[in-house]
Every structure is written in structure tokens, then in C-alpha cells.
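Participant: generate coordinates for the sequence data below:
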Amino acid sequence: MNDLRLHLIALVCLLAVVLPVISSNTSLAAPESADSTEYDIVIYGGTSAGVATAVQAQRLGLSAVLVSPDRHLGGLTSGGLGWTDSGNKAVIGGLSREFYQRVKKHYDDRQTWAYEAPDDYSRYRPADDAQWTFEPHIAEQVFEEWIAEKNVPVFRDRWLDRKDGVTRKDGRITCIRKLSSKT
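Facilitator: Residues are numbered from 1 along each chain as shown. Next up is the predicted model:
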């Protein structure tokens, strides 16, 4: 279990460079709100990295919430960047590989193919364990399924108050405020 927690910490540190991540018993609501909810980790950003962080946190037994300024989950991955030029696919593991495997499961269902037959698409390989090219709606569906399976609360269209929206105590973020009053 400690090994898994270290992996989560490393992931969160990495994501801090990529997107704002707010963690450690952070309140979602304003401090004066009587109904503020506390979570072990609050992820700001509904990108693929944000979704993966929330899913991994839940798998580790941590309470997590995803707060996103966007309405759709997945960022660039579900926004149209469905071509992955990763080179050696054998080096892709963990949640990333699980994502591509879930995408593959969708394409293994012949009903998914609305515009062409799977046999006509050269990048679909039934024997492979993962699908590396995909349509945006399939990626978003995978992210939505992941979030639902782990019961991660998602607050969409919630913009961080960049002027006064972060409260710190002893160098740690303890509260975030959004521009809307919705929590």
C-alpha cells in the first residue's frame, strides 16, 4: 500500500507541473460556508491527467473530487487529439494503457462502427490489447465510465477565482473558491 501511495504522490507532483492540483484535505467550498466538504485530494482540471489522478486516488482509498472549468472530461484526448504517436507501445503501462485498452473494448463492439467496418480500418487490429487511434466521443465515454465506476464527484463549469480563490495555511492549500457560488 505504501508503494501505491508513493506512486500517487509522484503522479500528483508531476501533474503540478502540467495542471493546478490542490490536495490534502482541501475544502471545495468557501471557508465561511457551513456546508463545505473535505476531500483527501481535490483535482482542478478535467484533463486526462486530472481524471487519471482522481481514479488512482480512489483506488488508493483516498477521497477525491474533480473540479473542472470545462463541461467535458478528457482535455485534448477527448477534444480531438485521437492519434497517438508513442513509438514503442510496450513502454506504455498503468492507467494510460488501461485507457487505450478500454478504448479497444469499445471498438471491439461492432455497433461502435457507424461510418466504416472494422475490417476497412487499417489501424484496428483485433488481436492487439489496445486501440491507439480513436474518436473523441469514445475517449470521453471512457473517462466518464471511469469516473462513474469510482464514484468520483465531478463539478463542471467551475472556474477558479484566480485573484482570491486559494487559501493557504503553513504553505499548503486548504481551500479553493470558484467564481460561481455553486459547490
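Participant: OK, contacts around the closest residue to residue 80 other than its chain neighbours?
Facilitator: Nearest in space to residue 80, with sequence neighbours left out and distances taken as C-beta to C-beta, 6 or more residues apart in numbering, is residue 136 at 5.2 Å. To be clear about C-beta, it is placed using only N, CA and C from the backbone, and glycine gets the same treatment. For residue 136, the contact set (C-beta atoms under 8 Å, 6 or more residues apart in numbering) comprises 74, 78, 79, 80, 82.
Participant: now do the same for the residue most central in space within the chain: helix, strand or coil?
Facilitator: The residue at the geometric middle of the chain, judged as the C-alpha nearest the mean C-alpha position with C-alpha atoms, centre = their mean, is residue 51 (1.0 Å). The three-state label for residue 51, taken from DSSP: H, G, I helix; E, B strand; the rest coil, comes out as helix.
Participant: looking at residue 181 now. What's its pLDDT?
Facilitator: We have a pLDDT of 59 for residue 181.
Participant: neighbours around the residue nearest to residue 157 when sequence neighbours are not counted, how many?
Facilitator: Computed as C-beta to C-beta, 6+ apart, the closest residue to residue 157 that is not its neighbour in sequence is residue 71, at 5.5 Å. Taking other C-beta atoms under 10 Å as the neighbour definition, residue 71 ends up with a count of 8.
Participant: before we move on, what about residue 90?
Facilitator: The burial count assigned to residue 90 is 8, neighbours taken as other C-beta under 10 Å.
Participant: ok, now residue 64?
Facilitator: Other residues lying near residue 64 total 23 when counted by other C-beta under 10 Å.
Participant: for it, give its distance to residue 135.
Facilitator: Computed with C-beta to C-beta, to the nearest Å, the distance linking residue 64 and residue 135 is 28 Å.
Participant: can you give me the strands for the protein?
Facilitator: If you assign secondary structure with DSSP state E, the strands in the chain sit at 21-27, 38-44, 64-67, 154-155, 166-169, 172-176.
Participant: remind me what the third one packs against, helices and strands.
Facilitator: Taking 3 or more C-beta pairs under 8 Å, 6 or more residues apart in numbering; DSSP states H and E as contact, the helices and strands that strand 64-67 lies on are strand 38-44, helix 48-59, strand 154-155.
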